[in-house]
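Engineer: All I have is the shape, not the residue letters:
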Ligand code: HEM
C-alpha cells in the first residue's frame, strides 16, 4: 500500500463505535457554538440575504473572522485534539477490532476499514466522550475555515459546510469548551498545525475533507438513531427537528466531498489517485456504513409503527424524513458529478467505471426511497 502522508497532514481521532458516549444531548443545549453565533449570523446574512448577491470578498472576509475567533478561544482544545490523534497503528487496529467484533458483518471487513482509516490519518478510540468530540470538531472546523476562503466552491456548498459546522459546534460541549483562552495567547499556526494557505496542497484538502465528512456522518447518525428510538412515543416536533439536523449534516457530507475534491482534474489524477491503495473505495468508510444502517433503523421504526405508506405518521415527521431521503438521493447525484469531474469515464480503483457505478447507485437509491420521497 502506498502511503505518502507527510507529517504536516492533519490527523483525527474518531470513536471506534461511531458513538459519542456516555450521553450526548439530543436537545440544543450546547454552549460552545453560541460563542460564535454573531459571526455565523453575519455569514447567514451574507449568504442567504434575499435582496443582495453574495459577494465573494465579503464572504471570505467573514469566514476569516470566524476562523480567527474560534482559534482565539480554543487554544487548549485543538492541542488536545492533535495529541489524542497520535496513536500507534497497532493500538488503532486493536480498538477497531474490539469495537467491530460484536457485529460479524463489520468484523469481517476489519482490514478494509483499517486500511481506509490509516490512509486518511484516522485513529479510533474505544472511549469517546463529548469533550473529545468537541476537541476533534473544533480542530477540524478551524482547519476547514482556514482553507475554505481559498477554495473555488459553489455558494451552496460553502453554506452547507458552514451551517453543518455551526450546528455541530452548537451541540459541542465539554469542560475545555467552556473556558475560552485569551486571544493574545493564541497563534493560528501553532494552534491548528495547518500550513499557511499557499502551502495547503491537494492531499491536505483531500484528507481534511474526509475528516469533516466523518464528523458530519457521526452527528447525522446520532440524530437518526435518537429518532429511531423515540418512534412512536417521542414528541413529533423533537423528532422532526432531529431529522432536520440529520439532513443538515448529511448535506454537510455532500459539501465535504466537493471541498475534498476542490482541485483540478490534473491534481486529482496526478497526486491523489496514485496515492490510494489498490481496491480502495468510499464503501470502506466505516462511519458512512453506520450512517446508512441508522437510516435503515429509522425506516424500520417508521414502517413498523405507521405502515409503509406512513399515512398515520405525524406530518411534520413524515415531511422531515422525506426531506432527508431527498438529500440522500441528491448526495449520490452530487457524488456522481464529483467523480465525473475528477475521473470522467476512467475505471475506478475497483475496476468498473466510477461514474457509472455511482449513477446506478443513485438510481437504485431513488427507487428504494421512492415511497418516502412522495409522501407529501
Ligand atoms: C469526502 C468523501 C468522499 C469523496 C471526496 C469521494 C470522492 C470520490 C471520487 C473522486 C471518486 C472517483 C474515484 C476514482 O476512480 O478515482 C469516487 C468514487 C466512488 N465513491 Fe466516493 N467519495 C467520498 C466518500 C465516499 C463514500 C462514503 C462512499 C460510500 C458509499 C463512496 C463511494 C464511492 C463509490 C462506490 C465510487 C465509485 C467506485 C469506487 O471508486 O469505489 N465515496 N468518490
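Structural biologist: Structure's in. What do you need? This is a predicted model, so every value here is computed, not measured. Numbers count the residues shown, from 1 in each chain.
Engineer: Flag the shaky bits of the chain, pLDDT-wise.
Structural biologist: Low-confidence segments of the chain, defined by pLDDT under 70, are located at 1-7, 21-31, 174-199, 350, 375-376.
Engineer: which residues of it fall in strands?
Structural biologist: With DSSP state E applied, the chain shows strands at 12-15, 122-125, listed in chain order.
Engineer: got TSV for those strands, with distance to the ligand too?
Structural biologist: Heads up, the C-betas are built off the backbone N, CA and C, glycines and all. Compiled in TSV, the strands of the chain are given as follows (distance: least, C-beta to the nearest ligand atom, whole Å):
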stretch	distance to the ligand
strand 12-15	13
strand 122-125	12
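Engineer: Residue 253: which of these is closest?
Structural biologist: When the strands of the chain are compared for distance to residue 253 using C-beta to C-beta, the nearest one is strand 12-15, at 14.1 Å.
Engineer: mind listing what that closest one pairs with, with the direction of each?
Structural biologist: Neighbouring strands of strand 12-15 in its sheet, by DSSP bridges, are strand 122-125 (parallel).
Engineer: mind listing what's buried in the partner strand?
Structural biologist: 122-125 (16 or more other C-beta atoms under 10 Å).
Engineer: Quick check: residues of the stretch 151-300 of the chain near the ligand?
Structural biologist: Counting by C-beta under 6 Å from any ligand atom, the residues of the stretch 151-300 of the chain close to the ligand are 209-210, 213, 256-257, 260-261, 273, 281-283, 285, 288.
Engineer: Tell me which of the strands of the chain approaches residue 249 most closely.
Structural biologist: Taking these one by one with C-beta to C-beta, strand 12-15 is closest: 14.8 Å.
Engineer: Determine how far that closest one lies from the middle of the whole chain.
Structural biologist: Taking the mean of its C-alpha atoms, strand 12-15 sits 12 Å from the chain's own mean (C-alpha atoms, centre = their mean, to the nearest Å).
Engineer: ditto for stretch 237-248
Structural biologist: Centroid separation for stretch 237-248 versus its chain: 16 Å, with C-alpha atoms, centre = their mean.
Engineer: which non-adjacent residue is nearest the residue of the stretch 251-376 of the chain found nearest the ligand?
Structural biologist: Among residues of the stretch 251-376 of the chain, the one nearest the ligand by C-beta to the nearest ligand atom turns out to be residue 282. It sits 2.0 Å away. Leaving aside its chain neighbours, residue 282 sits nearest to residue 288 (7.0 Å; criterion: C-beta to C-beta, 6 or more residues apart in numbering).
Engineer: now do residue 333
Structural biologist: Nearest in space to residue 333, with sequence neighbours left out and distances taken as C-beta to C-beta, 6+ apart, is residue 362 at 5.1 Å.
Engineer: Now for the one you found, how many residues are close by?
Structural biologist: As a burial measure, the neighbour count of residue 362 was computed by other C-beta atoms under 10 Å and equals 19.
Engineer: For it, give me its contacts.
Structural biologist: Applying C-beta atoms under 8 Å, 6 or more residues apart in numbering, we find residue 362 in contact with 329, 332-333, 335-336.
Engineer: By neighbour count, which of those residues wins?
Structural biologist: Among the contacts of residue 362, where neighbours are counted by other C-beta under 10 Å, the top count belongs to residue 335, at 22 neighbours.
Engineer: so what's the nearest residue to that residue once chain neighbours are set aside up against?
Structural biologist: By the measure of C-beta to C-beta, 6+ apart, the closest residue to residue 335 outside its immediate chain neighbours is residue 358, 5.1 Å from it. When contacts are counted by C-beta under 8 Å, 6+ apart, residue 358 is found next to 332, 335-336, 339.
Engineer: what does residue 60 give?
Structural biologist: Under the criterion of C-beta under 8 Å, 6+ apart, the contact list for residue 60 reads residue 149.
Engineer: Offset the numbering so it begins at 735, please.
Structural biologist: Noted, 735 is the first residue going forward, which turns the last one into residue 794.
Engineer: quick one: it from the ligand, how far?
Structural biologist: Computed with C-beta to the nearest ligand atom, to the nearest Å, the distance linking residue 794 and the ligand is 22 Å.
Engineer: Same question for residue 883.
Structural biologist: Counting by C-beta to the nearest ligand atom, the separation of residue 883 from the ligand is 20 Å.
Engineer: Excluding chain neighbours, give the residue nearest to that residue in space.
Structural biologist: Nearest one to residue 883, counting by C-beta to C-beta, 6+ apart, is residue 794 at 4.2 Å.
Engineer: where do the helices sit along the stretch 835-984 of the chain?
Structural biologist: 838-841, 844-853, 864-882, 889-905, 922-926, 936-964, 970-994 (DSSP state H, counting those that start in this stretch).
Engineer: for the closest residue to residue 1057 other than its chain neighbours, what are its contacts?
Structural biologist: Nearest residue to residue 1057, sequence neighbours excluded (C-beta to C-beta, 6+ apart): residue 981, at 5.5 Å. For residue 981, the contacting residues are 954, 1054, 1057-1058, 1061, by C-beta under 8 Å, 6+ apart.
Engineer: Need phi/psi at the most far-flung residue of the chain relative to its centre.
Structural biologist: The outermost residue of the chain, judged by C-alpha distance from the chain's mean C-alpha position using C-alpha atoms, centre = their mean, is residue 1046 at 32.6 Å. Taking degrees, to the nearest 10, you get phi -90, psi 0 for the backbone angles of residue 1046.
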